[in-house]
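Participant: sequence and predicted model, in that order:
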Amino acid sequence: MQKSLAELCDILRRFGMKPVIRGDERCEIRGIATLEEAQPQELSFLSNPRYEKLLGTTQASAVVCKPDLTAPASLHLLCVDDPYAAITILIVECLGYRKHRLPADARVCTQDGIGLPGAPAVVAASARIGRNPTIYPNVVIDEGVEIGDDVVIYPGVYVGPRCRLGNGVILFPNVTIYDDTKIGNRVTIHAGSVIGEDGLGYAPFQGRWAKIPQVGSVELADDVEIGANCTIDRATLGSTRIGAGTKFSNLIAIGHGTHIGEHCMFVAQVGLAGSVEVGNRVTMAGQAGVVGHIRIGDGATIGAKAGVTNSVPDGETYLGQPAIPVRDMKRQVAHVMRLPALNEAVRTMEKKLARLEELERRLAELEARAAQADGG
Amino acid sequence: MQKSLAELCDILRRFGMKPVIRGDERCEIRGIATLEEAQPQELSFLSNPRYEKLLGTTQASAVVCKPDLTAPASLHLLCVDDPYAAITILIVECLGYRKHRLPADARVCTQDGIGLPGAPAVVAASARIGRNPTIYPNVVIDEGVEIGDDVVIYPGVYVGPRCRLGNGVILFPNVTIYDDTKIGNRVTIHAGSVIGEDGLGYAPFQGRWAKIPQVGSVELADDVEIGANCTIDRATLGSTRIGAGTKFSNLIAIGHGTHIGEHCMFVAQVGLAGSVEVGNRVTMAGQAGVVGHIRIGDGATIGAKAGVTNSVPDGETYLGQPAIPVRDMKRQVAHVMRLPALNEAVRTMEKKLARLEELERRLAELEARAAQADGG
Amino acid sequence: MQKSLAELCDILRRFGMKPVIRGDERCEIRGIATLEEAQPQELSFLSNPRYEKLLGTTQASAVVCKPDLTAPASLHLLCVDDPYAAITILIVECLGYRKHRLPADARVCTQDGIGLPGAPAVVAASARIGRNPTIYPNVVIDEGVEIGDDVVIYPGVYVGPRCRLGNGVILFPNVTIYDDTKIGNRVTIHAGSVIGEDGLGYAPFQGRWAKIPQVGSVELADDVEIGANCTIDRATLGSTRIGAGTKFSNLIAIGHGTHIGEHCMFVAQVGLAGSVEVGNRVTMAGQAGVVGHIRIGDGATIGAKAGVTNSVPDGETYLGQPAIPVRDMKRQVAHVMRLPALNEAVRTMEKKLARLEELERRLAELEARAAQADGG
């Protein structure tokens, strides 16, 4: 894209909005990104006041925001009453959004390792496939896809428009790869997994949920292995990323915009919300969950079924719901286990303490007597 | 269906049962439904004594039950030793059950936005498709399906017999829609999700699990969006329902006969058992679970990983396992966190209390002395 | 396979290893299996010292292990520095591993209940299919598959090389069956489930995860029903097994090498790690999880969301995280609920105890006076 702030205002006005510019309306915008990921000459947005501090560090040139916002003087502001609605319109109008259409000129392939006689794989004419492919029947490869050498694609796989797959990629049956996904070399994805579906991005609008177009993508680095029936959301803007050598078991859900480091190991049914930052060599045990917008440090271990609600430092092991360091959790569990004994101790003390009043009574009597003796 | 109670008894006798009618054997039955959903002239059943109170409110005309049941005089009773086995037989014999068969006269479509040259979509001759479809290769649309205008159906989707899809529906790759599912306008279902599979309905029978035919269906209202790899059970009888504008993330499981209201938001990996009633504008955070046969009130919020075992009032926020109101849960967590300090306090008191006995000893000595003094 | 220990050493040497044999290098090896499952003339391996005690009971003839291992004299040892790396090499070299290739001579079937005119199912020439099949278009049945009578296979199903399916099996749409899976009679698998994907088997190797080839398989016994979008890992060696009559709901994950008994009932989103032994008639409620290498006894019930970390005796009901017997858990919950009251009681006591010091002061005064009186 290449549009001035003035032109962006024109677009919003066409949708009935009343944008006001604080700054230079001639500022040229070449992309849209989150405050954290935006580069110079890119537009970002601030809707949730929680992220206002990011205004001080963002490299974005301009920001869509509410009229009353205080921001660094270097930022050009495009002020509207509903920044979320405005950025949604600008994303769709400027970046475009998934267009559902049959590949205009699909080739039906039944040779050279692609499809079988009478049972084709469908490959768009604009797709490029490297040497020595093994592509089963009932595979559909959409427009503009680029695929490396020695890939194996089992039946029922769909590879959406403009995806890129490296060398030696293996996609087991019924895997779905949404548009614009980037997959590195020697990546294996087991059956039924879905890469790049829309994240759960909605803004409340007049008592309903208005969809925020998810125009970001997913990037899987080299040597990633994904188990069966996992789901990895595409980012709203930018990308959801999984680092080199990271391995997933089955039924794992990764939210939009989450970044996972290298050589991690995720056990089955783990769930990460959106915008989580996971370091390298992190282990997530089965059924663990992580809330959005926090960081799991390098080398951290998250125990089975843990519910992580705060950032975890490098190298720590966290357990429990809410998750806390393992030493604290073990102590906590021990204390809870010991509750019956504690209760018993308190009752015993209560009985003993009842004797205190008897003591006071007797002491008072003695004192009275002593006073009497003194006086007497 | 249209059968008298006497005719239903004949059916059961063919299966070796000995039904006895308490009431009018000429009573005409036109359908089978649960006690809660049955209308007049419909048959219901009572197997689990826990639901006996529903006999007082059901609109059913007749009920299959055990011989010794006490019921309102207005209900005609069809008494058998094993009501579950009897209703299972009657469901299959009277309502029919999924017949697996290839569409007898499937058209292979490769034009008008359906399929591609040499790579067809398969559409039963009895299916009707509206204007401007985009239906990819490798889609199968079974007998009697009705589809609205402007639908998009990606490769690998199966739409079972007699399903109805509204206008503007988008089904991403490898979605499975079982027979008789109703899908409203502008519904989007992401890749790999399954709508209408059989619920977990079995009755114990001679040490094994006997399947209860799941002949109900699923209804998704307008503007619902379902994430990737979700599973929504069909109802045993009646329907599983999701209200207008409700949005799901990925890997969510909904049990048979559960009803979800409008404009709800469900985060990834949420699970609801069967026969749950969820109000409007409910938020379920990630990995939360709900047991069967309870109600989540309008506007309620269920926290991440919560395990809901009792009904939640309107507008409340529940957390924890078992889930309790957030204010109680926060207090509870605070108390558990403070357990080490509490333990310490108890120990300190125990030490102090040890001094109590010393006090008593000294006091007794003084008293003895005083008594001696008195006596002396 | 049929190889002497000397020949196996030759293989390892080709990969740069320096194996040493303690025992008879002429010992003939006919298979590779875990210590628990190995038969005479089979090779096993010990990598994790935790399982060293199994050396006393294994029927394996030889074991790959570290050089310093103490083992029964009857076992022939093949000693290497990295037993995991060595067994990985031997598995691939001796047992072979999945070869991805299009069936060389696939028939395109459009008759006799297989495929439809113009919309074929693909069946390898070496596959055998029994009487009265119903096989939809877009099904791929790979080499060497054997299928019984009266099966129903919906669109988008892939059945991998050498799988065996009994009579009356129903596979709903988009099910994936990996190579070498054995499925009994009257088994039903709902849409999107994946049977036999690789388990999460990796060994740490130079800071990365090195894949351990998963060459085992999955066996589903008669009358098993699997819900939608489940994932059942193939075993590393040997097999993952589900016993006759066991029923699964949706989104369930079963780890590699786990064995589940007969007539069990698993509710949605349950997860079992690898090498779990589950008895007969076990109930697992929703979202429960089980760690690896433990046993769940016959007739046990595991509550919703329970996290089972230790073996469960026959007939017991376990709840909570970590899961404990239900009676203990109920008491524990009651104690936690009562924490505010306990806290209050302790505070009251603390106040009372403050009076203890006052008592001591007064008592000391009296004693002083008494002493003075005595002295006086």
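Facilitator: Sure, I can see it.

Participant: not counting sequence-adjacent ones, nearest residue to the residue of the stretch 1-150 of chain A at minimum distance from chain C?
Facilitator: Ranking the residues of the stretch 1-150 of chain A by distance to chain C (C-beta to the nearest C-beta) places A:Gly118 first, at 3.6 Å. C-beta: built from backbone N, CA, C; applies to glycine. For A:Gly118, the nearest residue in space outside its immediate sequence neighbours is C:Val108; the separation is 3.6 Å by C-beta to C-beta, 6 or more residues apart in numbering or on different chains.

Participant: got a list of contacts for the helix or strand hosting that neighbour?
Facilitator: C:Val108 is part of strand C:106-109, with elements assigned from DSSP states H and E. Residues outside strand C:106-109 that contact it (C-beta atoms under 8 Å, 6 or more residues apart in numbering or on different chains): A:116-119, A:137, C:115, C:120-125, C:135.

Participant: could you identify the most distant pair in the residues you listed?
Facilitator: Within the contacts of strand C:106-109, A:Pro117 and C:Ile135 form the most distant pair, 18.5 Å apart (C-beta to C-beta).

Participant: of those two, which one has the most company?
Facilitator: C:Ile135 (28 against 13; other C-beta atoms under 10 Å in any protein chain shown).

Participant: hmm, back to that, of the contacts of strand C:106-109, closest to C:Arg22?
Facilitator: If you rank those by distance to C:Arg22 using C-beta to C-beta, C:Ala124 comes first, at 45.6 Å.

Participant: that closest one reaches C:Ile141, doesn't it?
Facilitator: Yes - with contact defined as C-beta atoms under 8 Å, C:Ala124 reaches C:Ile141; the gap is 6.3 Å.

Participant: got a list of what the residue nearest the centre of chain A touches?
Facilitator: Averaging the C-alpha coordinates of chain A gives a centre point, and the residue nearest to it by C-alpha atoms, centre = their mean is A:Gly274 (2.4 Å). Applying C-beta under 8 Å, 6+ apart to A:Gly274 gives the contacts A:199-200, A:233, A:255-258, A:292-293.

Participant: just the CA trace of stretch A:161-170, in PDB.
Facilitator: Only the C-alpha atoms of stretch A:161-170 are listed here, as PDB (Å, rounded to 0.1, in the frame of the first residue of the first chain):
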ATOM      1  CA  PRO A 161      -3.000 -19.000  -2.000                       C
ATOM      2  CA  ARG A 162       0.500 -17.700  -1.800                       C
ATOM      3  CA  CYS A 163       1.800 -20.200   0.800                       C
ATOM      4  CA  ARG A 164       5.500 -21.100   0.700                       C
ATOM      5  CA  LEU A 165       6.700 -24.600   1.600                       C
ATOM      6  CA  GLY A 166      10.400 -25.400   1.900                       C
ATOM      7  CA  ASN A 167      12.300 -28.600   1.000                       C
ATOM      8  CA  GLY A 168      11.400 -31.900   2.500                       C
ATOM      9  CA  VAL A 169       8.100 -30.800   4.000                       C
ATOM     10  CA  ILE A 170       5.600 -33.600   4.800                       C
END
